[in-house]
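# Model the following, please.
(one chain, ligands or ions: 3)
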Amino acid sequence: MISYSLPNERPNDFSRVIPVVRDIIESVKARGDNALYQLTEKLDKVKINNIKVSEEELKTQASKLDPKVKQAIDVAYEQLKAFHEMLVPPNIGGGYQGISFGVVWRSIEKIGIYVPSGKYSYPSTLLMAGIPAKVAKVKEIYVASPPNQEGSVNPALAYVAIKLGVNDVYKVGGAQAIAALAYGTESVRKVYKIVGPGNVYVQAAKFLVSNVVGIDGIEGPTELVIIADETAKPEHVVLDMKAQAEHGPDTYIVLLSNDDELLKKVEEKIMDDKKIYYIIKTKNIDEAIEIANKIAPEHLSLYVKDAYTLMDKIVNAGAISLGNTPPAIIDYVAGPNHILPTNGWARIRGGVTVYDFIKPTMYANVRDINKQLLEASISLANYEGFVIHGKSIGVRYE
Ligand SMILES: NC(=O)c1ccc[n+]([C@@H]2O[C@H](COP(=O)([O-])OP(=O)(O)OC[C@H]3O[C@@H](n4cnc5c(N)ncnc54)[C@H](O)[C@@H]3O)[C@@H](O)[C@H]2O)c1
Ligand SMILES: N[C@H](CO)Cc1c[nH]c[nH+]1
Ligand SMILES: [Zn+2]
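Numbers count the residues shown, from 1 in each chain. Ligands and ions are numbered 1, 2, ... in the order given. All right, here's what the predicted structure looks like:
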């Protein structure tokens with residue numbers, strides 16, 4: 001189906017599930033592992049015998065993996081690692097007006113990674129979060145992901161977990177997994193920050209526990225905005241839209257184009273789908289960019305002839321695929337992350353990088369403070385009424 005106007009609310013808006021997620025969180029807080037066993041049986045329709053995956057179970061599951069898939073993971077791993085290593089910031093020191101100052105980067109000590117697995121499994125997500133975490137030298141990494149229908153862990157997930165050397169893997173998913181990582185249970189370690197995408201239940205849970213644990217933001221059901229001009233191939237546009245629509249009915253897929261010919265060819269191919277796609281005819285590409293910046297999508301495909309130049313006009317997007325680059329290449333191997341902001345969060349942050357796993361710890365050391373700076377600090381302290389602040393400075397340097 002096609003809508004020719006944008007929805008008032010995003011299809012992936014999670015506010016509607018907040019009440020049920022709040023109850024899930026409360027039951028995990030109150031009943032720990034028992035709640036996890038019950039909720040897994042109720043929501044994942046599978047009985048698990050344990051929550052923490054043993055070394056042996058991990059190895060057994062990984063051994064089931066097709067060697068070709070192992071090889072694909074190994075190849076993707078190197079590309080993603082190269083991207084994240086490029087972003088590692090240096091410790092920086094300097095000084096001004098008699099004060100030496102700087103920044104040392106510190107890794108977050110305990111990280112929880114959520115790896116989605118519902119209708120489809122997403123072991124690629126563990127690569128996307130685990131590699132920057134390892135590049136950032138995070139010491140403790142705990143992974144939670146729903147069990148498969150055999151009540152065990154996905155073989156590719158097990159292979160990646162072993163390859164990364166994560167500390168624990170828990171076979172629980174959904175809001176209950178987020179609650180367990182946030183509060184800890186008998187089996188699940190409490191972490192300092194949770195990183196990872198997931199459905200509306202997972203994102204609502206991250207939002208609700210963000211008062212007790214750090215979160216990387218909101219990375220919910222997939223969003224794709226395509227800006228296409230007359231150079232775009234309609235068959236590629238259709239495939240990119242249908243690819244990201246595979247993630248579920250609550251994905252948000254928008255085509256913005258100024259070209260009637262292209263629009264007509266795309267409409268013919270998608271109008272009979274059950275999924276609602278949004279198509280907007282724009283006056284020109286600038287208007288398309290203006291609409292895209294307002295949407296602030298997770299994925300933006302700039303499928304136009306002068307993509308590199310026009311990229312400067314894109315201010316709100318999680319990740320941009322340029323020209324005829326398929327967004328799905330970012331999903332797996334390009335280097336940039338596929339854990340990307342949704343629900344408008346692309347206005348304030350981009351995709352997951354090493355920066356999600358490190359903190360800038362700043363320092364200052366007074367050597368021979370400049371008189372004017374000294375006086376300024378004391379007069380500001382007195383102006384704000386913090387006289388002892390002023391005294392604690394003056395006593396040292398006046
Ligand atoms: N934004 C991003 O960066 C990004 C990246 C990858 C995937 N995704 C999105 O992640 C999502 C994956 O969703 P998924 O469902 O396949 O896997 P998921 O792991 O996110 O969610 C599955 C869990 O949801 C829970 N659940 C299911 N129905 C429920 C209900 N009625 N009440 C309470 N809990 C319930 C179950 O416990 C289950 O374990 C997709 O929407 C996909 O688009 C987003
Ligand atoms: N496009 C998804 C992010 O919205 C990421 C993904 C993982 N696997 C396939 N696709
Ligand atoms: Zn995808």
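# Angles on the backbone of the spatially most central residue of the chain, please.
The residue lying closest to the centre of the chain (CA atoms, centre = their mean) is residue 339, at 3.5 Å. Here is the backbone geometry of residue 339 (degrees, to the nearest 10): phi -90, psi 100.
# And the pLDDT at the one residue in the stretch 101-250 of the chain that gets nearest to ligand 2?
Of all residues in the stretch 101-250 of the chain, residue 222 sits closest to ligand 2, at 3.4 Å by CB to the nearest ligand atom. To be clear about C-beta, it is placed using only N, CA and C from the backbone, and glycine gets the same treatment. pLDDT recorded at residue 222 is 98.
# list the contacts for it?
The neighbours of residue 222, taking CB atoms under 8 Å, 6 or more residues apart in numbering as the test, are 12, 244, 247, 248, 251, 252, 298, 299, 342.
# any idea how far it lies from residue 122?
11 Å (CB to CB, to the nearest Å).
# just residue 170 next, same as before
16 Å.
# what about these two, which has more around it?
Here residue 170 and residue 122 are compared on neighbour count by other CB atoms under 10 Å; more neighbours surround residue 170, at 27 against 24.
# any idea what sits nearest residue 125, other than its immediate chain neighbours?
Using CB to CB, 6 or more residues apart in numbering and skipping residues adjacent in sequence, the residue nearest residue 125 is residue 115, 4.8 Å away.
# Please determine how far the residue nearest to the centre of the chain is located from ligand 2.
Residue 339 sits 7 Å away from ligand 2, taking CB to the nearest ligand atom, to the nearest Å as the criterion.
# How about residue 4?
From residue 4 across to ligand 2, the span is 24 Å (CB to the nearest ligand atom).
# Kindly state the pLDDT recorded for that residue?
At residue 4, pLDDT is 97.
# tally of neighbours for it?
Residue 4 has 10 neighbours, counted by other CB under 10 Å.
# Over to residue 209?
Residue 209 is flanked by 23 other residues according to other CB under 10 Å.
# surely it meets residue 25?
Yes. In this structure, residue 209 is within contact of residue 25 by CB atoms under 8 Å, at 6.5 Å.
# what about the helix ranked longest in the chain, near ligand 1?
In terms of residue count, the longest helix belonging to the chain (DSSP state H) is helix 18-43. Yes. Helix 18-43 reaches ligand 1 (CB under 6 Å from any ligand atom) through 20, 43.
# Following that helix in sequence, what is the next regular element?
Counting by DSSP states H and E, the next helix or strand C-terminal to helix 18-43 is helix 55-63.
# immediately after that following helix, which helix or strand?
Counting by DSSP H and E, the next helix or strand C-terminal to helix 55-63 is helix 67-86.
# related to what we said a few turns ago, give me the common contacts of residue 209 and residue 25.
178, 179, 182.
# Among these, which one sits closest to residue 189?
Distance to residue 189 across the shared contacts of residue 209 and residue 25 (CB to CB) is lowest for residue 182, with 11.0 Å.
# The closest one: what secondary structure?
Assigned by DSSP: H, G, I helix; E, B strand; the rest coil, the conformation of residue 182 is helix.
# State the distance from it to residue 217.
Distance, residue 182 to residue 217, by CB to CB: 15 Å.
# can you check residue 77 too?
Taken as CB to CB, the span from residue 77 to residue 217 is 24 Å.
# one step back: going through the contacts of residue 222, which ones are buried?
Neighbour counting over the contacts of residue 222 (16 or more other CB atoms under 10 Å) leaves 12, 244, 247, 248, 251, 252, 298, 299, 342 as the buried ones.
# quick one, what contacts the third one?
Right, residue 247. Contacts of residue 247 by CB under 8 Å, 6+ apart are 120, 221, 222.
# Now render these as a markdown table, adding secondary structure.
Below are those laid out as a markdown table (three-state DSSP):
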| residue | secondary structure |
| --- | --- |
| 120 | coil |
| 221 | coil |
| 222 | coil |
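# Could you list which of these also contact ligand 1?
Applying CB under 6 Å from any ligand atom, the subset of the contacts of residue 247 adjacent to ligand 1 comprises 120, 221, 222.
# Residue 352 reaches residue 129, doesn't it?
Yes. Between residue 352 and residue 129 there is a contact under CB under 8 Å: 6.0 Å.
# Show me the contacts of residue 222 that map onto strands.
With strands defined by DSSP state E, the entries of these inside them are 252, 299.
# out of the contacts of residue 222, what pair is the most spread apart?
Longest span within the contacts of residue 222, CB to CB: 248 and 299, 14.6 Å.
# so where do the strands sit in this structure?
Secondary structure of the chain (DSSP E): strands at 2-3, 92-96, 99-107, 110-114, 140-144, 168-170, 193-195, 214-215, 223-228, 252-257, 277-281, 299-303, 319-322, 358-366.
# What are the structural domain limits within this structure?
The chain resolves into domains spanning 13-213, 219-334, 368-397 when parsed by the TED database.
# Which residue is the nearest non-sequential neighbour of residue 256?
Counting by CB to CB, 6+ apart, residue 288 is the residue found nearest to residue 256 once chain neighbours are left out, at 3.9 Å.
# burial count for that neighbour?
By the criterion of other CB under 10 Å, residue 288 has 26 neighbours.
# quick one, what contacts it?
227, 256, 257, 258, 280, 282.
# Let's see the pLDDT reported for residue 381.
For residue 381, the predicted pLDDT is 98.
# Would you check that it makes contact with residue 390?
Yes. With contact defined as CB under 8 Å, residue 381 and residue 390 form a contacting pair (3.7 Å).
# No further queries at this time; thank you.
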